[in-house]
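> Prediction below, plus the sequence it came from.
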Amino acid sequence: MNRPIRKVAVVAAVMFFALLVNASWLEVGRATTLNHDTRNRRVTDAEYARNRGAILVGTDAIAQSVPQSGRFAFARRYSQPALYAHATGYYAYDFGSAGIELNYSKQLAGTSDDQFFNRLVDRLTGKAPAGGSTLTTLDAAAQKAAYDGLAGRKGAVVALDWTTGAVLTYVSLPTFDPNALSSTNLATSQKAWKDLNADKNRPLANRASKEIYPPGSTFKLVTAAAALENGSAPGSLFKAPESLRLPQSNVTLTNQINCGGAEVTLEQALKVSCNTAFANIGMDLGADKLNAQAEKFGFNKTVPTDVPWATSNFPTTLDTPQTAMSAIGQYEVAATPLQMAMVIGAIANGGQVMQPYMVKEVRDADLSVISTHRPVKLDKAMSTDNARLLADMLVVVVDDGTGKPAKVDGTRVGGKTGTAQSDPNRPPYAWFVAFSENPNVAVAVFIEDADIDRSEIAGGRLGGPIAKAVIEALK
């Protein structure tokens, strides 16, 4: 009998040991993963019992928690929902979170590692736990100027401080009301989610930096940069016929305006946005050089940032006609407004691409500073000398070319228009990108649906005044 009993005892001991190991692994190894699993309602309920911190623009709380009675001790409130919805995002019991609410969720909830000591003090003193606050880089006046400038049209406006990468303006339309999504009346929240997702205008779509679109002629900035980096000068001549039959294809490319001659300089081609000249520049450079230049500006890359991010695309395999079309921002080239703001910002910044960021400071509940953002250099897209040459050419575009609507008295402004075809059955997209000096601002304006006749759509005419208004708001 002793031998069978010993076997049973060994098996029981092994099973008990395995149970201890599994329990220890769940407690130590998987605790963090399980705590942050969106399906873990215990964690979510605990967060709703805590005073979540505020999201600030200057001294104004654009998102904060307010006490209430009932199942949830606090409810999230957004003071200017239409203006800041895509920046703050939402904090919804059943649908998770987005924007700053997502990217700084631990800090706002007071559960980040940096807040461990304060949590310990609160526990020892019996103080109710509270989250930290985030101070954004957004400028209230510029944000309103961008929102008003879009005037309800589908599109987005992003503005950056090109010396640091700080996001000053972040608007996407149509917008939505995060108060409804974040309601602690779960029936209200569920109805809002259903209605927003059923809306054909896609208000939840973040057009500022989570959706990519053909950039059209604004991409000529990248092509011009590649030309300069590979030995061309502003006065270099390129063929600019009225129409160009692309090799190995039956596609004929035309110009929207008179480019100024059968051959034009790089500066002239940029000033009037000459399609055939830039197609020839692209074919002369070749696909590899164009791709390398695009990637230096940030295309085909995931950038570490607290700004919602979608990777902008430059195709890596191109034949000759595809290269020509890509050089003018068509074919499969696609970018976010944030990416195009980064491009023109880098040109203004001597070729240096900066990491974009939207939160400059995180403070604990006692107002002590937990973290402060330091500007981060991402890549050197082009030499300082060539960046200055390109910036000078863009100033000519605003002073004497297609970007005149963006002129700001007493401020040096450079810019580039863009009109991008996306589908024969829908109007083209309108783009305008600009930089200014004093204030040091890079702006990208994207209009998805201008709600005007196709023949009237032009990036400079539609986007230029918006860029001007944003720059003036920051002076």
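Sure thing, it's come through.
> Could you give the secondary structure assignment for L168?
Following DSSP: H, G, I helix; E, B strand; the rest coil, the label given to L168 is strand.
> That one against L474, yeah?
Yes: using Cβ atoms under 8 Å, L168 is in contact with L474, at 6.5 Å. Every C-beta, even on glycine, is put in place using the N, C-alpha and C of the backbone.
> Spit out the residues that contact the two alike.
D139, A142, A159, V441 (Cβ atoms under 8 Å, 6 or more residues apart in numbering).
> Look up which residues are beta-bridged to the third one.
When bridges are assigned using DSSP bridges, the partners listed for A159 are T169, V443.
> show me the contacts for it.
A159 neighbours (Cβ under 8 Å, 6+ apart): A142, A146, V167, L168, T169, A341, V441, A442, V443, A444, V470, L474.
> ok, back up a step: more neighbours: which of L168 and L474?
Neighbour comparison, L168 and L474: the larger count goes to L168, with 26 against 21 (by other Cβ atoms under 10 Å).
> residue contacts, that one?
T137, L138, D139, A142, Q143, A159, L160, D161, V441, V470, L474.
> rewinding a little: okay, and which of the shared contacts of L168 and L474 map to helices?
Among those, the ones falling in helices (DSSP state H) are A142.
> ok, the shared contacts of L168 and L474 vs R363, which is closest?
D139 (19.3 Å; Cβ to Cβ).
> Give me the neighbour count for that closest one.
23.
> How about the backbone phi and psi for it?
phi -110, psi 120 (degrees, to the nearest 10).
> do L20 as well
According to degrees, to the nearest 10, L20 has phi -60, psi -40.
> heads up, I number from 31, so please use that
Sure thing, new numbering starts at 31, so read that last one as L50.
> Now do the contacts for it.
Per Cβ under 8 Å, 6+ apart, neighbours of L50: none.
> Kindly state the pLDDT recorded for it?
According to the predicted model, the pLDDT of L50 comes to 77.
> for S142, same thing?
Value listed for S142 in the pLDDT field: 81.
> can you pull the buried residues of stretch 96-114?
By neighbour count with 16 or more other Cβ atoms under 10 Å, stretch 96-114 contains the buried residues F102, A103, F104, A105, R106, R107, Y108, S109, Q110, P111, L113, Y114.
> swap that for stretch 408-425, please
L408, D409, A411, M412, N416, A417, L419, L420, A421, M423, L424, V425.
> quick one: contacts of that stretch?
With Cβ under 8 Å, 6+ apart, stretch 408-425 has contacts from 251, 254-255, 258-259, 263-264, 296-297, 300-301, 323, 326-328, 333, 373-374, 376-385, 433, 442-446, 465.
> In strands, which of the residues you listed appear?
Cross-referencing those against strands under DSSP state E gives Q382, V383, M384, R442, V443, G444, G445, K446, F465.
> now the nearest residue to the fourth one once chain neighbours are set aside: how far from T193?
I take that to be R442. Spatial nearest neighbour of R442, excluding adjacent residues (Cβ to Cβ, 6 or more residues apart in numbering): E467 at 4.5 Å. Distance from E467 to T193, counting by Cβ to Cβ, to the nearest Å: 10 Å.
> circling back to that earlier point, in a markdown table, list the buried residues of stretch 96-114 along with secondary structure.
Listed next are those as a markdown table, based on three-state DSSP:
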| residue | secondary structure |
| --- | --- |
| F102 | coil |
| A103 | coil |
| F104 | strand |
| A105 | strand |
| R106 | strand |
| R107 | strand |
| Y108 | strand |
| S109 | coil |
| Q110 | coil |
| P111 | helix |
| L113 | helix |
| Y114 | helix |
